[in-house]
Each structure stands twice: as structure tokens, then as C-alpha cells.
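Q: Based on what follows, work out the 3D shape:
(2 chains)
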Amino acid sequence: MSRRLVVVLFLDLVGWTRLAEQVDPEPLQLMLEQYYEICSVAVEEHGGSVEKFIGDAVMAVFGAVRSEEDDALRALRTAIRIRADVATLPGPRGAAPSIHCGVAAGEALVTNSSRAGLRVVGDVVNLAARLQSAAAADEIVVNETVAHLARRHFALAVLAPLVLKGKAEPVPAFLVLGPAPDTDPDDESPMVDRADERARLRAAYARVVAGGRAEAIAIVGPGGIGKSRLVREVVKDLTDDPDGRPAPTVVVGECPSYGPMDTYLPLVRVLDALIRESPHTEARLARVLEDLRTSAPGVEEIAWAAREVLAAATAPLIVVWDGLESAGLSLLRLIGELVGTLRHLPLLMICVGRPEWAEVEPACSPAMCDDVIDLGALTPADSATLTALLSAGSVDVLAHAVGSLERVVSHSAGNPLFIRLMVESSPPDLAVTGVPATITAMVGAMLDRLPAAARQLLGAASVIGLTFTVDELVLLGQPVPDRALEPLVARQLIRPAARTGEYTFVQQPVHETAYTRLDKECRLGWHRALADASVSPAFHLNAAVRLLGDLRPHDDELARLRRLAASASLLEGTTALRQRDIPAAVGLLGQALSSDSDGTGAATALRLSDALLLDGATARALKVVAEVGRRSADPRTRRACLMQERLLAVRLGDAEDESVPEELAGDPDDHLAWCRFEQLRVLVNLRHGRFGAAERAARTALAHARLGHDSYEEDRLLVALCEVRQWAPTPLREQLAGCADLAGRFAGDRVLLVPVLAAQARCLALLGDARAARSTLTAAGTAVEQLRLTIGGVLVDQAWGLAHALEGEHGDAERCYRRAADGAHRAGHAPTALTLRVQAARERLRHDPTPAAVADLAELAARSAGMDIRGRLLSLSATVAAAAARGTYDPRTEEVMTLLEGTDDPCLRAEVHFDLARSYRSLGDDARARASARTAIDCYTLVGAVRPEGAVRAWM
Amino acid sequence: MPAWGMAVDGSEPMPADLFAGIGPTWAWGGADGSGVRVCVLDSGIDADHPLVGPVDQAWQVVSEDGRPPRVRECAPSDAAGHGTACAGIIREVAPKVSLSSVRVLGDGKSGTAAALLAGLAHAVDEGFDVINMSLSTARPEFRSRLAELCDRAYFRRCLLVVAAHNLPIESFPWSFASVVSVASHAEPDPMRFYYNATPPVEFCARGVRVPVASPGGGTMRNTGNSFAAPHIAGIAALVLSKHPWLTPFQLKSVLYHCAANVSPQSDQGGILVTRTPERDH
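A: Here you go, the predicted structure:
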């Protein structure tokens, strides 16, 4: 049983019912017998199978047992042949009967049982029957897929879309006009690269001509890689521009991939062509050739004739044998023999075949040639060029978006034919979706030519993924004996990956076709087995949910499977979120949410909301929690979502409500909701400069996270705590210990580590250990540089600013603060950027107390409405101090005092009080100056900031 | 990675210290693009997209068989989405610019050379300050006509910002000296751009997995030099809104001095045009 691309042919006799009414059954029966005979023979000769005869109707299928890449062409040729043959039947009433015919290609499930024989189940069967009803006498009507598969070989006319019984949408249909005139196969496809291979072939020809000695070169590569094209280009080169050498006589013998087994057909073609060149053929030779056409003479006679004809050529000769993977062994032996016995002739034999050719006996394999060219994939750059050239086609002007170019390049894996087929299926802007039927047909044929065991392994591998291991195959009950994968590697379907036992599909269309060919029950079982063994559980469980939903939407198991899929997606989504792989996190968490909105709802919704927020999609971050909160029946999920909604509102500056909601107060164990609520409090307190309260809220939130065993929340909060604590009235020694703890915890993740290091450096600088502070900041700076961190850079520059300022290096401090401000501005943190500019301006004033520096500060102070409390305080107090230095009392001193009431950041308070102290001294009020300086010292002492404390004492 | 990007490290010393005062702060600090008229020559602009905002004027090139193409006013819409994506980037960089559209591409992100020539001539005649062209033609027969138009723009103080082709093939007009040609870098910063010392591409701006306006109102990520050019167009508009007297020649020089790899701080009186190798994102 397998799903596959099949081509279904329906035909019947025109006017049969009327005929049956008017004519006796005996002559009718006679005609039917002849008609059946015509149909059976035509179908079988073209490689199809007749599924059934019903009265005068015939249904035949191509590709059901074994796919060929030209199944659609075979079906059309069959129809045309039957049409012609039926027209020669003597009709019972004189006039010859005629047929009408419908052909459709599409995916179907093919089963073969001893009782029912071959059965083809799928919409494509009904479609073919409907197309046949729509066809008039002598017409062949085909669906879009057949038209696409056949359009290079048949002339087609577009019909008005057919409105068919049982089809919601009109179906595009095409009328077959007849075989298309032969077109130059290279017309539409530019040649890209292959310069090396061309040069090798040209050089071989040059040697043959110069030395008068025969050579054979094999060209081996998978279908569509451009072997025949390469040979055509080289032959064209040599004919058009022989480079001073005589132009070659070129003859081609192509092995047909199907048809009656005719070993010597390519040889007959080659010899015929040569004899046309030199018509004076000996009589005996002529007879052997005649025999070759009608019956098989002995192999010795054939070899002799071939030698004679080849030797009689007057110009240097190039003989191309193409499609040798389909050649009979006798022909291959003969070619090998000719190479060996005609060494004295100026003859270049180019032997072309797919990798399967190498599997015959060594004496007849590519190794029998003097040189083997392995034609590999185009490089991605060449693939992209070819894609663009093909898709530009006849277009003058093209936009410079890459669009799905990348998809074409990656899916085609450097196979020029795949590229052309993909581009053709979607011109001109390459909105490529899925694998075009032309490629499915090619790949399907390739798969059917595989040994059964290898095909089975490839199917199992496709369920595992683009990359798979031998162990995983064994897990699926597919033993992998030694060398079992070799046929797949030899055909370039898979290749060994980096690790031992690991393989990867070379071309995505091969993977997709191998996967879609498996019936869904089998896929379902394998996906579940992989998930059970913990191989990418989220991926495989979600695939299993989809498949079970398709197969048995009412299965009780479905709900359980959904829950499993949801929790696996949550787990992997959270990991991605921690790694800041935001697109993956959004995808996985979104999947978790849609699989199961109740079970894991709250945590999933909150984390998805976090991921969206990190991605800048604020509106969607809000919408997710609002929707889940509204939909969920679970009060805790609803509460957690509500808290997140409120938290986001605070973050966006829309609200500041920090009262405990009633429903939350009643459930002290709802840790997730409490945790987010405390985070809200952290934010509100931070905004108002109440850093002690913010730190307490962060600690409470952390406690809830730990009680809820939620390590995701815990990590988030530890980072937040480290950040908040810097400004809180917590002793620096304690802060430093906390930083050391965290630095250990985040050692492996430098993005999280950088803020910790910045905080640590700040503590060290305030404690007076300038050297340690510098070395910490240097380490953090390296991480910022290497990982190109914006916010991390701001934090590090800010800490550098403080470190320099404490050492009296105000010029350096100014530069660092400015750089931090620029970074904060670029990252969109406007208030922070302003505060940092204020700090820069303050430092400038310290080393460059010019009117320009004062004006700079005044300009900033005028924008204090857009600042956080730190910026407002620092700009105001510096302005006040600058005015005092000029002997003027600035009445905004009162405003500074009021603002000071609002914050508990000891270092900030100390800095501002010190500003005030200096102002008072400038204005001659020594008592107040000393009082302010003492308050500053007290503030510093509170946290143990000995370095700035010393500076104040020295000033006093 | 789209083609025509700069080599990972070139090392041509450039005397930049003479212009130490010219940098991003001087060039666009505090600027928002107001007063500058930018035209997007593309597939149209969807004025209803929230990331794009108002479209001041919109035209389309109408081609009828046997008649020369004509430029007519039309509703600001965009079936292909490419022009809207470009316009959204310009709006992001320079929020207050006046955006207009001349539609020269069809629904399939492709169009005729006749429409391109007619549309470009119209935009130049309309006197736009900046024209963004995230497209090109590879047909040599249109080369000289396009070059004439680009020269005309250059002398009329109209800066053409043109995306380089995504593939290593020749096409026009991005390869002309009269325009500012832009290829991609893979970093996520919209304001960061590099000067490329190896012609024909002059600047590299963000162009890989850029979040752009997608049809229907949302955003999606897209890659291509198409999306690098509008970043430079937006930055050029910022500069012009602060220094409206700059000619295209001067503006290009200002952009050079503001590039992330050009800095007056150097021990040789010049700078090294170098880049650290990109991490693959």
C-alpha cells in the first residue's frame, strides 16, 4: 500500500448506448473484443495497467505499480494510439467507432491484494472519469497536472474551466491537440558553470585528435544534474569552434528508458547515422545491419559490424552513449570491447549514465572508461544565478527581493532540472509552494527504481527528518545491515553527515516525495515511536496529532496526544526562548497553545507573550493573553493571563494599578499569577524611584517562582533582581555576593552574564576596587563586542562611566556615558538615553566648566519631562549647582528636595545631596553645605560605598 | 546572502580625519525627515498599512499596446507588496518624510522597461528629493536611456538610491556612478551601514531577514538588496531634512563619513575599511 502520483486514463466509445440499442449483440461483442484487445495492448506496451473494463469503458493507470518520470506522456501516447487504432475498426453499422478520453494525474492510494487485485483510491480517479465525460468525440481532455507534466511534448489548448459534478470549484482543463514539434531542449535554460568539466572534455578531444588514439570518458550523475546538457554544449563548442582542429563527426546512441527490450537500439542508431555519413558500405556489413534491425545476429557479428563502421569514419569521431543506466549488459560489454579494440582511431567515446550504471559488473561500469567525470550539484551561488536567470525569463525589470529564491535553491540541491521545473511551476515571482508534480514524477520514478529494502529505509528515514541516524532507523524497527544504505548514497539521495551513523537527504524534493508516499497510518505509527523515544518529541507529536486528526478525527486518543504534543512544544519552546531563538520560540509556543489551550495554557500563553514582546510585537503579546484568559475555563489560567495583561499595560505606560486584585488575594498558592503580579509591582516601583520596594517585590516574585518550581520565571527574576538591587539600599557586599552567584549560574550564556558583570563592576568601583572593576568590565566588553549586544553595551558603557568618574577621569567618563546614551537611543529606550546624556553632561561640566557645557546641561534639563526620576534629579541638581557656582540661587532647589523624597536609591540621593552641598558652599551657606554633605555620607555609608564617601569626606 | 556585498576585509586607508566633525550626530541627530519628499518607484504603496502611514501622491504607468506609456494618478495600493515593504522601511527610519509612489512594477514584482523609464522620468520631473529604486533591468538596450535619466536626476538635486542585484550579474541602474548603490549586510540594526571600498556597490545596509510590512497589515521577514536600499533612502532623507542644501554629490560624501566602518580615529591619519567577519544569524 502506498500513496503515489498516478496518471489515470478513462476512455469509452462514443454513442455506445445507441449502438447497443440498434445492433445485435453478436457483432457488437466481436467489435468489443477487438476494442479491448487494442486497449490492452496499447496500455501494456506503454507500461500502464488496465484496472477494469466496464461495458465500453476502460480505466487504465500509469505509475501504480512502478512510477516512471514520463507516466503522463505514456498515458497520452496510449490514448492517441488507441484513438488511431479504434478508428480502423470496422463498425457494426459501417462507420468506424470513435472514442473520447479523460486523463488526470494526482496523488492516490494504491493497494494490491490477492483478492481485489490492484486498486487505486483517490480523487484523481473521479476527476479522470469526469474529464472523460466532458470530452467530445475524438477529444482527449486532461487536468492541470497532466498539462504541466506534458507541456514540453504535447501541444495543448486551454479549455474553459469545467464545472464538474461533485466539485465545488471549476476545474482547469486542457485539450490535447497532438504531439508538439521537437523543440531544442536547451532553448529555455541557460547553461551555468561546468567550466571544469567542459575543459576536461575539450582536452580529451584535443588529445584524441593530436595522438590519433581513442579515449573513453564516463560522465556519471543523478537525473537532471545536466549530463546530456554538458555533452551537447561541448559538442556544440567543438563543432562551432574546433580551435584549429578538424570538426568532429558526432553520433548519439540513446538508451530508451522503456519500450520493448531492444538491447542494440542505440547501436543501430549510431551505426545508421555513421552510414549516412559514408554511404559506401560493404554488402556484408549492410546485411548485418539489416539483420540488426529485424532479428538479433550473433554478438560477434554485431561487434565486427560496429568496428568496421566506426573505423570507416573519415573525420575524428565522437560517439555519445546516453542513458547507460538503462542499457542492457550486452551493449555495455560491446561498448567496453570497442573502447579496447579501437585504440588506434581518433575516436572519443562519451559514456553517460546515472549512478545506477555503476552497479553492473565492473568490466562494464564507468570504470571501464579512461576518465570518469562525476557531475555534482551546482554550488548555491550558481543555483541562485540559474534560478534568477530562469525566473527573469522574458521580463525587463525585476524587483530585488529574494522572495522564494532561497527556497528554490535549497530544495533543488543544485540540480538544474529541479530548478527549472520549480521555476516553471510558479513564474515569475517564484511564490513556490510544495513540490511541483514534474519533480514528484521524476523523484517517484527514481524511488521506484531503488531496491525494495533501500526504498523501505528511505521511507522510514523521511519520517525522522531531513537528517537521520542509523540508530533512529533501528528504533523504527528497520534493521540496517552493513552497506544497506550504500545504494542510497551511491545514487546521491542521501549523504553521510558530520557524525558517524548520521545521514542527511541531499535533495528536499526526495525527502518530501519519500514521505508523502508513505500511507498515513504508517507515518502516524513512526512519528509516535520517535516521540516515545524522545527524538524531537514536539515535532513528532505535532505531526502525529495532525495525522490522527486526518485519519480518525473522533478517536479518543486524539485528546491525549494533543496534550502530550502541547507539553512537548512548551518545553522546547521555553528552551528556544531562553536561547533567545525568538522565531522558533514563537512557533513552538504557538503550536503548544493551539494543541491544548487548557492543560498547559497559562505558562504557554505567558511565555508566548514574552517571546512576542521580545520580538517587538506588543499588540500580539497582549492579544495572546487576553484571548487565552477569556477562553479558559481554569480560574488560575485566567488569573495569570489577567496579571500578564496588567503587567504589559504598565510596561506600555498605560496603567499603574498595583493593588492586589481580589480574586488573587484568595489564592495564595497561585504562584504563576502572583509571580507576574509582583513583577508588575517591581515595574511600578522602579518607575517611581522606589528601589527598595522594587527589590522586595522582585524577591517575593522569585519566591513564588521557586515555590511553583518554575525555573523559567526564576531565571528571569534573578536577572531582574540583579538589575534592580543596584539602585536599592542593599549593602554593596551583599550585592556583590549575589552577582557572584549569578555569574556562576549564567557562565554559559554570555548574553545573560553581561548585565551581571556590569552590576558587579559597579559594586567593585563603588567599593574602591578600581582594578577589579576594570578587569570585569574588560571581560564584559569583549562579550559585548563578540556577540554584538546593544543593551549589554549600554550597561557596560554606563558602568565604565561610573568607574572613570569615581577615579576622577571625567573626560573618559563623559565619552563612555555618551556612547551608552547613543546605544540606548538606538535601542529605542528614550528615557534611559536622556538620563545617560545628563550623566555625560555632568561629567563634561567637571572637566570642562565652560558656558557651553552649562548650556548643554540646561538644554537637557529643559527636557526633564521625558526622563526617569534619576535623569530628572541629576539634571536639576547639576543645574542648581552650576547656577550657584555663578553666585545665583536657583529656586528649583526646592523641586530637587521634593524629588529626593520620592526615591530611596542611596547612591543617587548621595550624589544629589553632594551637589546641593557644593551649591550651598558656593552661595556661602557653610552650615547647610556641611549638613548636606553629611547626609550624602550617610547615604553612601548605608550601602558601604567607601570610594565616593571618601571623596565627600575629602571635600568637607 | 545577496550578492555584491563587501569583502569581509578590505584595507584601503582613507583620509577621513579632515572631516572629523561630520558624523551621524551632525548629519541626522534630532532629524525626523520632515520636509523631505521621497518617492518609491516600485509596485505601488499600500497606504492603509499601519507601518507605512500617509502616501502623499500616487501614480501608475499605464501601458497600452502601440502607444507610449503614460503616467496617471491612481489610488495608493500595491498588489505585490514589494513597494509597501520598501516604503515601510523608509517610514521606520525617517518617520516624518512625505512618501509618494510611482508604480512601475506589475503584480508579479516584475515590469517592462518602458514603464520603468516613463516612471523614473516622471519622478525626476516631479522634483523628489530622494527616489528609492529596489529593482533593475539586465537588458543592455536600456542602459543609455536609463543613464541619461540618472544623470538628469543627479544634476537636479534628486538622489537616486538603488538596490544592487541579488546575484553577481550586471544590471542597471544601480551600477551607475550617478546613483547611490546599496547591497546588504546581515546585522539587525536599521541605522548601521557600511561604506564599501570596492565598486560598484557603495554602501551596505540591513538587508537580511528584515522585518517588513506584509500585505494585509502585518509584518514578515524578507531578504534582499531590495530592503537594504530603503534604509539608505530613509537615512538620506533624515540628512536632507537637517541639511537641505546638500547636493547628491555632497550627500553621498556625508553618507560616507557616517558609515560605521569610517572613523576619523586612527593612528595613520586615515582609517582602515575593515569589517569583522559576520556571524551567521
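Q: Can you classify whichever residue of the stretch 1-150 of chain A sits closest to chain B by secondary structure?
A: Using Cβ to the nearest Cβ, the single residue of the stretch 1-150 of chain A nearest to chain B is residue A:148, 18.5 Å away. In this view, the C-beta of every residue, glycine as well, is placed from N, C-alpha and C. Remark: residue A:148 carries the secondary structure label helix [criterion: DSSP: H, G, I helix; E, B strand; the rest coil].
Q: can you pull the pLDDT of it?
A: pLDDT, residue A:148: 82.
Q: ok, now the one 10 residues further on?
A: Note on residue A:158: pLDDT of 87.
Q: what's near enough to touch it?
A: Residue A:158 makes contact with A:172, A:174 under the criterion Cβ atoms under 8 Å, 6 or more residues apart in numbering or on different chains.
Q: In a strand, it, correct?
A: Yes: assignment of residue A:158 by three-state DSSP places it within a strand.
Q: residues near the closest residue to residue A:490 other than its chain neighbours, how many?
A: Counting by Cβ to Cβ, 6 or more residues apart in numbering or on different chains, residue A:490 lies nearest to residue A:355, which is 5.0 Å off, once chain neighbours are set aside. By other Cβ atoms under 10 Å in any protein chain shown, the residues close to residue A:355 number 19.
Q: Residue A:355 contacts residue A:493, correct?
A: No: with contact defined as Cβ atoms under 8 Å, residue A:355 does not reach residue A:493; the gap is 9.3 Å.
Q: circling back: please tell me how far the residue of the stretch 1-150 of chain A closest to chain B sits from residue A:226.
A: Applying Cβ to Cβ, to the nearest Å, the value for residue A:148 to residue A:226 is 21 Å.
Q: Can you pick out the residue with more neighbours from the two?
A: residue A:226 (25 against 21).
Q: hang on, the more buried one packs against residue A:419?
A: No: counting by Cβ under 8 Å, residue A:226 sits too far from residue A:419 to count as a contact (10.2 Å).
Q: Can you list the low-confidence ranges for the stretch 151-281 of chain B?
A: Counting by pLDDT under 70, the low-confidence segments of the stretch 151-281 of chain B come to B:264-281.
Q: Spell out which residues of it are next to chain A.
A: Contacts of the stretch 151-281 of chain B with chain A, taken as Cβ under 8 Å from any Cβ of the partner chain, map to B:163-169, B:187, B:189, B:191, B:211, B:219, B:222-227, B:229, B:279.
Q: Among those, name the buried ones.
A: The neighbour-count test (16 or more other Cβ atoms under 10 Å in any protein chain shown) marks B:163-167, B:187, B:191, B:211, B:219, B:222-227, B:229 as buried among these.
Q: which one of those is nearest residue A:340?
A: Of all these, residue B:167 has the smallest distance to residue A:340: 46.5 Å, by Cβ to Cβ.
Q: Could you check which helix or strand contains that closest one?
A: When secondary structure is defined using DSSP states H and E, no element contains residue B:167, which sits outside every helix and strand.
Q: Surely it and residue A:386 touch.
A: No: Residue B:167 is not in contact with residue A:386 according to Cβ under 8 Å; the separation is 9.6 Å.
Q: if we can go back for a sec, the residue of the stretch 1-150 of chain A closest to chain B: what's its closest spatial neighbour, skipping adjacent residues?
A: Leaving aside its sequence neighbours, residue A:148 is closest to residue A:437 (5.8 Å, by Cβ to Cβ, 6+ apart).
Q: What's the local residue count around the one you found?
A: Residues lying near residue A:437 (other Cβ under 10 Å) number 22.
Q: Low-confidence stretches in the stretch 1-150 of chain B?
A: Across the stretch 1-150 of chain B, the stretches falling below the confidence threshold (pLDDT under 70) are B:1, B:6-18.
Q: Run through the helices of it in chain order.
A: B:24-28, B:82-93, B:113-125, B:143-155 (DSSP state H, counting those that start in this stretch).
Q: Throw the ones you listed into a markdown table and include mean neighbour count, thanks.
A: Below are the helices of the stretch 1-150 of chain B laid out as a markdown table (neighbours: other Cβ atoms under 10 Å in any protein chain shown):
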| stretch | mean neighbour count |
| --- | --- |
| helix B:24-28 | 18 |
| helix B:82-93 | 29 |
| helix B:113-125 | 21 |
| helix B:143-155 | 17 |
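Q: Quick one: closest of these to residue A:98.
A: Among those, the nearest to residue A:98 by Cβ to Cβ is helix B:113-125 (49.5 Å).
Q: measure residue A:827 to residue A:792 for me?
A: Counting by Cβ to Cβ, the gap from residue A:827 to residue A:792 is 10 Å.
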